[in-house]
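A.B. asks: I'll drop the sequence and a predicted model, then ask my questions.
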Amino acid sequence: MAEVLQPNPAESQAKHVVYCGVCTLPAEYCEFGGTAKKCEEWLKDNHPDMYQQLYSEEALSSNLSNLSVSVRERAAKDAAKKEAKAALAEARDAERKAASKVLIKRVERNKRKHVSVITGLEVYGLENKKIAKELGKKFATGSSVTKSAAGTEEITVQGDVSDDVKDWLLEVYGKEIPEANIELIEDKKKKGGS
């Protein structure tokens, strides 16, 4: 007769993994990311028990006692390099955001028909498709995302709503986009044949 094996309840238990709110890695692996100090602070605020387990004096001394002196020095250098690299990337990103402009062009189509074209929102981490949909609802008009001749995405909104778009962007996304970085441009079509 065949013997039926019963599953062991201790084997099938799921493990709960705490993911870092800063680098999105499991908390045990935050040291391998570039934001180790920020991750440590986040863990201390949100999961004090896990913080004690990973960063208490006993845990650190037991981990360091297993390493040789040269490996400790190398680990310290690597951690410093990663933090410097992450800080440089943050500074570069902030500089890029400060230098970039959101352009709102009023383009004349035929006679008295106009469209408003918005470019430069992706630098601020905003989704063009989502904003195009919101603008279409807000102004009760057609709006779409298209590729420009330069290869970048732009939002085209039917109608002369460029001033209203600027006000709406400042109202809704004023925290992400400073007012000085929004620029209105009027673009007229050239008359054909002279």
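C.D. replies: Great, that's in hand.

A.B. asks: how about residues contacting stretch 169-178?
C.D. replies: 98, 102, 121, 124-126, 134, 179, 182 (Cβ atoms under 8 Å, 6 or more residues apart in numbering). Just so you know, the C-beta spots here come from the backbone N, C-alpha and C atoms, and that holds for glycine as well.

A.B. asks: can you check the distance spanned by it, start to finish?
C.D. replies: Start-to-end span of stretch 169-178 (Cα to Cα, to the nearest Å) is 10 Å.

A.B. asks: in that stretch, what counts as buried?
C.D. replies: Buried residues in stretch 169-178, counted by 16 or more other Cβ atoms under 10 Å: 169, 173, 177.

A.B. asks: check stretch 95-114 too.
C.D. replies: Result for stretch 95-114 [16+ other Cβ under 10 Å]: buried residues 102-107, 114.

A.B. asks: next: stretch 28-48.
C.D. replies: So stretch 28-48, judged by 16+ other Cβ under 10 Å, has buried residues 30-31, 33-36, 38-40, 42-43, 47.

A.B. asks: that older thread, out of the buried residues of stretch 169-178, who's nearest residue 186?
C.D. replies: Residue 186 lies nearest to residue 169 out of the buried residues of stretch 169-178, by Cβ to Cβ, at 17.5 Å.

A.B. asks: quick check: which element contains the closest one?
C.D. replies: Under the criterion of DSSP states H and E, residue 169 resides in helix 162-173.

A.B. asks: tell me the helix or strand right after that helix.
C.D. replies: Per DSSP H and E, the first helix or strand lying C-terminal to helix 162-173 is strand 182-187.

A.B. asks: for that following strand, packing partners?
C.D. replies: strand 102-108, helix 162-173 (3 or more Cβ pairs under 8 Å, 6 or more residues apart in numbering; DSSP states H and E).

A.B. asks: can you add distance to residue 13 and mean pLDDT and give the ones you listed back as a markdown table?
C.D. replies: Converted to a markdown table, the helices and strands packed on strand 182-187 look like this (distance: least, Cβ to Cβ, whole Å; pLDDT from 0 to 100):
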| stretch | distance to residue 13 | mean pLDDT |
| --- | --- | --- |
| strand 102-108 | 51 | 86 |
| helix 162-173 | 45 | 87 |
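
A.B. asks: quick check, nearest of the buried residues of stretch 95-114 to residue 25?
C.D. replies: For the buried residues of stretch 95-114, the nearest to residue 25 is residue 102 (33.0 Å; Cβ to Cβ).

A.B. asks: so the closest one bridges to which residues?
C.D. replies: Beta-bridge partners for residue 102, by DSSP bridges, are residue 182.

A.B. asks: including distance to residue 78, could the helices and strands packed on strand 182-187 go into TSV?
C.D. replies: Shown next, in TSV, are these (distance: least, Cβ to Cβ, whole Å):
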stretch	distance to residue 78
strand 102-108	39
helix 162-173	38
